[in-house]
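# sharing a model prediction with you, sequence too.
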Amino acid sequence: MYIASARETGLEAQPRRGGRRVAGNVFALGAVSLVTDVSSEMVTAVLPLYLVLQLGFSPLQFGILDGLYSGVTAFVRIIGGTLADRWQRRKLMAGLGYGISAVAKLGLLGATGSATSMGLVLAADRTGKGLRTAPRDALISLSSDPGTLGRAFGVHRAMDTVGAFLGPLAAFLLLWAVTGGYRAVFFVSFCVATLGVVLLVLFVRDHRQPAPPRRSVSLRSAFGLLRDKGFRRICGWAAVFGLATVGDAFVYLLLQDRLAIEPAWFAVLPLGTAGVYLLLAVPMGRVADRIGRWRVFVAGHLALLAAYVLLLGAADGLWLVVAGLAAHGLFYACTDGVLMAAAGPLLPAGLRTSGMAVLQTGQALAKLASSVLFGAAWTVWGMRTALVLAVAALAVVVVAALIARPLRAERGVA
Amino acid sequence: MRLGIKVATALGATALLGGAATVYTLDAMAGNPEHARPDVTIAVDRSAEVGLTEPGRLLFRSTAPGPDHGKVASVPLADPAGPRRISSLSCDRFYAEAGTGLCLATAPGLMPSAVALRVDERLRETERVDVAGIPSRAKLSAGGRMATWTTFVTGDSYTQGSGFSTRTAILDRGEQAYLSNIEGIPLTVEGKPYQAEDVNVWGAGFTADGKRFYATVSTAGRTHLLEGDYDAWTARTLLENAECPSLSPDGTRLAFKKRVSGDAARPWREYVLDLATLRETPLAETRSVDDQVVWLDSQTIAYELPRDGGSDIWAAPADGSGAPRLLVEWGSSPSIT
């Protein structure tokens, strides 16, 4: 089926390096992500405690800082993606992003006391994340055979998730060993992040086309990609699916609410999802390569729908936790890397980064909006009604996607 | 660059960064108070044990550097600077009342969790409850029947993935009842029935009869003083911007901390509220008090203030007059027998 999609973008001429193998560059990027994720998840795990307990921030101040977090990335991402394409320097832009985040970890050591300095440091950290994501995914996509993109992204995301597992573990070990050891956590996190940058510099190969004519790559050309029917569809559907997706935090809260889970176990719930994701990312990527990425993407949302229905009362007890988290992890395995794999071949190589940035930003903004809406619905009508609405919305979108069959061309063999 | 050189460079960088991380961590571990050299200016009385029944003693958690860091200790109330007795019970927060104690301690492990212990007059464990989160407040009602404590928990704030919230528990020894999180109590805010998902409750304390309790409730970015009816299981707010209330021995006044400044370094000031008139009086202590204070008698409150590497216990008149005085160096969580 990839032949059909490749034809659209003229990628069929690319030689199939090593047939079914995943490119070394993908493993290199995966290793960088793994190490970097250890670093960033270390900080994420202890930051709320540090801000509130150690620095005496009020929950409100903390909420404002936290909101700043997500807002910053959306727009930096598109600008960074465009610059990477214009200069044809994807590795440089990704490296800049990883580097800024690493230095920000050191900044955490310095920014004690004032909310302003802490806000600036966190904004820098998020800017780094915004800058690096699209060039990294573009490099994965450009380094891989179009026919095995799903598997390539699966490998990358699985490696990334290993880092997400190890980070909190490392952080809490350190906090346990060092009384009030937040600074030790930040310093170690800085060291780990720096190692990530070193690995990127040494082992990741850039993928450069001849630099495009001056000014031919701009924000306008990035958004101009949406004129392409195939890409516009994928962005549109990703955003619509994003709008019908309830944020992760809600899923865990709902689980806890349904089961009255011991609070001590609450922090373990996301690890359940991550574990399933870790195990299934590569297999689902391969399935996507074989039967069509869009199908797997939609199937992933069916799994999410199943998780919501389970939460609504279709299951109880241990069965609910196991099946719910399995479905939630399956959702990630079927959608996160798979969407990028589906989008890659639709984007001209010279604008790959810009296009991925546009897609990621659109999806992120849609998810942000859905979180706000779901939170409001929860507050106004209560948990159950909000969840019923979410189930209905997601069901409508899934059915619509099945009927509309976007990306029909990609389905090829179907 | 050849692959061999790259791998060698990567290994070198790993060794260098790993070394830096290890050195920093070991250095920080050496700074752990329990590993630090004992403060020799603190006189310790090893001849007697800490007990909760001997009248006229001030109990507290020792914060002095050295192996006794975090242990429950006591000094004579008449001579709080005198030699301190030190127990083997380690807590992050401790409260004693009527021959019984409540110890809230961090439980070792990979996830932030805690344990609440009820102890007898010789600090022997009589009841143990596993609690999620980081210890914050612990209090017993006069007579010792009602125990309440608060922990900080991360991850279950519903608006943000990485938010934090508080959990306040009640352990009723009389009824053998345990409520692990009281934030679901039917609530009236400023006279109107109120329901929201972002309700957090912390810093609770009971009246002597165990029928009512006071606490802080926060929702929609504001904090309120909450008065709860334990038997009817309802609560209402009395006042905005009041945290960590502490009821006076005669039950007529509440000491509380009020957020008076946007400065994150020193946001709070201690006040006393007359429950009959709802009149607030700022106390003479102008430094930022982040504590649930205790009443030493009906005229005096005691509280902890941070110092480098630990904290001290201070006392101030409860009517706003006079000046604060240093009660116990290197101590926190004061209470009296």
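Ah, there it is. Numbers count the residues shown, from 1 in each chain, chains lettered A, B, ... in the order given.

# let's see the pLDDT reported for the closest residue to A:Ala315 other than its chain neighbours.
Distances taken as CB to CB, 6 or more residues apart in numbering or on different chains put A:Ala323 closest to A:Ala315, at 5.7 Å, once the chain neighbours are dropped. For glycine as for every other residue, the C-beta is placed from the backbone atoms N, C-alpha and C. Looking at A:Ala323, its pLDDT is 94.

# under the pLDDT cut-off, which ranges of the stretch 151-300 of chain B? List them.
For the stretch 151-300 of chain B, applying pLDDT under 70 flags the ranges B:154-164, B:262-265.

# which residue ranges of it form strands?
Using DSSP state E, counting those that start in this stretch, the strands assigned to the stretch 151-300 of chain B run over residues B:164-172, B:177-179, B:187-189, B:192-194, B:200-206, B:212-219, B:222-229, B:234-240, B:243-247, B:253-259, B:268-274, B:279-282, B:294-297, B:300-307.

# report the central residue of the chain.
By default, I'm working from chain A. Compute the mean C-alpha point of chain A, and by CA atoms, centre = their mean the closest residue is A:Asp336, 6.4 Å away.

# let's do chain B instead
B:Arg137 (3.1 Å).

# pretty sure A:Ser143 contacts A:His207?
Yes - contact status for A:Ser143 versus A:His207: in contact at 6.0 Å, counting by CB atoms under 8 Å.

# in the helix or strand hosting B:Gly12, what counts as buried?
Assigned by DSSP states H and E, B:Gly12 belongs to helix B:3-30. Using 16 or more other CB atoms under 10 Å in any protein chain shown as the test for burial, helix B:3-30 gives B:10, B:13, B:17, B:21, B:24-25, B:28.

# sorry, back to before: what residues are up against the residue nearest to A:Ala315?
A:306-307, A:310, A:315 (CB atoms under 8 Å, 6 or more residues apart in numbering or on different chains).

# grab the nearest non-local neighbour of B:Ile336.
B:Ile336's closest residue in space is B:Leu58 (CB to CB, 6+ apart), at 5.6 Å.

# got the buried residues for the helix or strand the one you found falls within?
Assigned by DSSP H and E, B:Leu58 falls within strand B:57-62. Going by neighbour count (16+ other CB under 10 Å), the buried part of strand B:57-62 is B:57-62.

# where are the low-confidence patches of the stretch 251-400 of chain A?
The model of the stretch 251-400 of chain A has pLDDT under 70 over residues A:261-267.

# report the contact partners of B:Arg279.
Contacts of B:Arg279 by CB under 8 Å, 6+ apart are B:Leu273.

# that one pairs with what?
Following DSSP bridges, B:Arg279 is listed with bridge partners B:Asp274.

# so how far is chain A from it?
Per CB to the nearest CB, to the nearest Å, B:Arg279 is found 25 Å from chain A.

# for A:Thr179, which non-adjacent residue is closest in space?
B:Asn32 (4.4 Å).

# how many other residues sit next to A:Ala239?
18 (other CB atoms under 10 Å in any protein chain shown).

# using the three-state scheme, assign it.
helix (DSSP: H, G, I helix; E, B strand; the rest coil).

# I'd guessed it sits against A:Leu368; true?
No - when contacts are counted by CB under 8 Å, A:Ala239 is not listed as touching A:Leu368 (11.1 Å).

# for burial, what's the neighbour tally of the nearest residue to A:Leu347 once chain neighbours are set aside?
Distance criterion CB to CB, 6+ apart; nearest residue to A:Leu347, sequence neighbours excluded, is A:Gly355 at 3.8 Å. Other residues within reach of A:Gly355, judged by other CB under 10 Å, total 30.

# which SS class is A:Gly355?
helix.

# how many neighbours does the residue lying closest to B:Ser321 once chain neighbours are set aside have?
Nearest residue to B:Ser321, sequence neighbours excluded (CB to CB, 6+ apart): B:Ala284, at 6.6 Å. Residues lying near B:Ala284 (other CB under 10 Å) number 15.
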